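Chemist: build me a model from this:
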Amino acid sequence: MKYQNITYPSGFGKTLGIGVTAPSSGLGNDVFIKRFELVAKQLTEKGYGITEGNCLRKNDKHVSGTREERADDLMSLWLNPQVGAIIPPWGGEVLIEILDLIDFDRIMDSPAKWILGYSDTSTLLFALTLKTGIATAHGINFMDLIETQNDPLSNQALEILKLTKGATFTQQSSEKYQAEFTNFSDNLETTYNLTEPTEWKLLDGSASSKISGRLIGGCIDVIGNLVGTSYGDMVHFNDTFRQDGTIVYLENCELSPCALTRALWQMRLASWFDDATGIIFERNSGPDANNASESGYLDVLEQCTKDLNIPVVYDADIGHKPPNMTLINGALAKLTVDNGQAILSQSFV
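Modeler: Residues are numbered from 1 along each chain as shown. Got it, this is the predicted structure:
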């Protein structure tokens, strides 16, 4: 069954709470468990019900359980009538292992709910939206929802999930971003360490640009592996929303310039950018060139996109150098970049 429009979840925060499971990496040690319990306690005190999945506190060889256990845990929370949003603690490495065990038909036939996160969680977000047409939210992880997190983008995330079909919301680019993080073992109550001035940039060097289209994307390290599979069917997404066009957003966690080149060209060859009105890249957290004779991150972006003839934005508030905007896969978006600052509005239509 193919979707023909975007379905936006409803009910979170009013009667339905948060389900927390780890479809990729789990907590595993006492420090991470204490951090989870701290954040969960604070959210409970704010009135959010917390339902903990079975695959959360364990972690062995990068994962919180077997493929079957992780998929069953996710489906259990999805079908739980008390849960309106599923928010993993963080990402991980191999969420791709469980995609073929998820019952996407049953998901489409049940009440929609939000899934929020980034990094390896975007494997699930991307696949879920492309398979079902259900909107998903790329943004802050559960472990960073501590109440003392005081940047506006982080504070908006849960409020955005309370919006329903027909709503429009607007986010502004951050003032500063985090270049170095503090380990929970060093400070259990740590927040983002926002020290570096934020500046959204356009690859062609221009000062301003306006882009509109349906948002879709995620962490290129992981969603790039969905090219050519039914979980990365960008052709149907593009066909369905051709009248709107697409804004593809991508964040690089660990790929080297050469690996990033291969990933971007694989996407191009699979027609991922055929209907793109623009591409947004994050603040790169992967390795860069070792010397001037090698291609660096910006070289790769230019080489892989220069003949697409669309705006290419980089150093955006996405990914592993937070804070993160909350980007809704499937939402109709309008982005304005002007002299280093950005305003992004998203409509649930």
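
Chemist: mind pulling up the pLDDT for residue 1?
Modeler: The model reports residue 1 with a pLDDT of 69.

Chemist: what's the neighbour count on residue 204?
Modeler: Using other Cβ atoms under 10 Å, residue 204 has 11 neighbouring residues. Using the backbone N, CA and C atoms, a C-beta is placed for each residue, glycine as well.

Chemist: which residues does it contact?
Modeler: Listed by Cβ atoms under 8 Å, 6 or more residues apart in numbering, the contact set of residue 204 reads 311-312.

Chemist: now residue 308
Modeler: Taking Cβ under 8 Å, 6+ apart, one finds 273, 276, 279 in contact with residue 308.

Chemist: isn't residue 177 right up against residue 321?
Modeler: Yes: between residue 177 and residue 321 there is a contact under Cβ atoms under 8 Å: 5.4 Å.

Chemist: what is in contact with these two at once?
Modeler: Overlap of the contact sets of residue 177 and residue 321 (by Cβ under 8 Å, 6+ apart) consists of residue 283.

Chemist: ok so, going back, the contacts of residue 308 in strands, which ones?
Modeler: 276, 279 (DSSP state E).

Chemist: let me have the contacts of residue 308 in a markdown table, adding neighbour count as columns.
Modeler: Output for these, formatted as a markdown table (neighbours: other Cβ atoms under 10 Å):
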| residue | neighbour count |
| --- | --- |
| 273 | 20 |
| 276 | 21 |
| 279 | 26 |
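
Chemist: what is the nearest of the contacts of residue 308 to residue 301?
Modeler: Nearest to residue 301 among the contacts of residue 308: residue 279, at 8.5 Å, using Cβ to Cβ.

Chemist: leaving out the residues flanking it, which one is nearest to residue 118?
Modeler: Distances taken as Cβ to Cβ, 6 or more residues apart in numbering place residue 138 nearest to residue 118, at 5.5 Å, with adjacent residues excluded.

Chemist: doesn't residue 317 make contact with that neighbour?
Modeler: No: in this structure, residue 138 is not within contact of residue 317 by Cβ under 8 Å, at 11.2 Å.

Chemist: which neighbours do these two have in common?
Modeler: Contact criterion Cβ under 8 Å, 6+ apart; residues shared by residue 138 and residue 317: residue 324.

Chemist: okay, these two: which has more neighbours?
Modeler: Between residue 138 and residue 317, counted using other Cβ under 10 Å, residue 138 has the larger neighbour count: 29 against 26.

Chemist: can you pull the phi/psi pair for the more buried one?
Modeler: The phi/psi pair for residue 138 (degrees, to the nearest 10) reads phi -90, psi 110.
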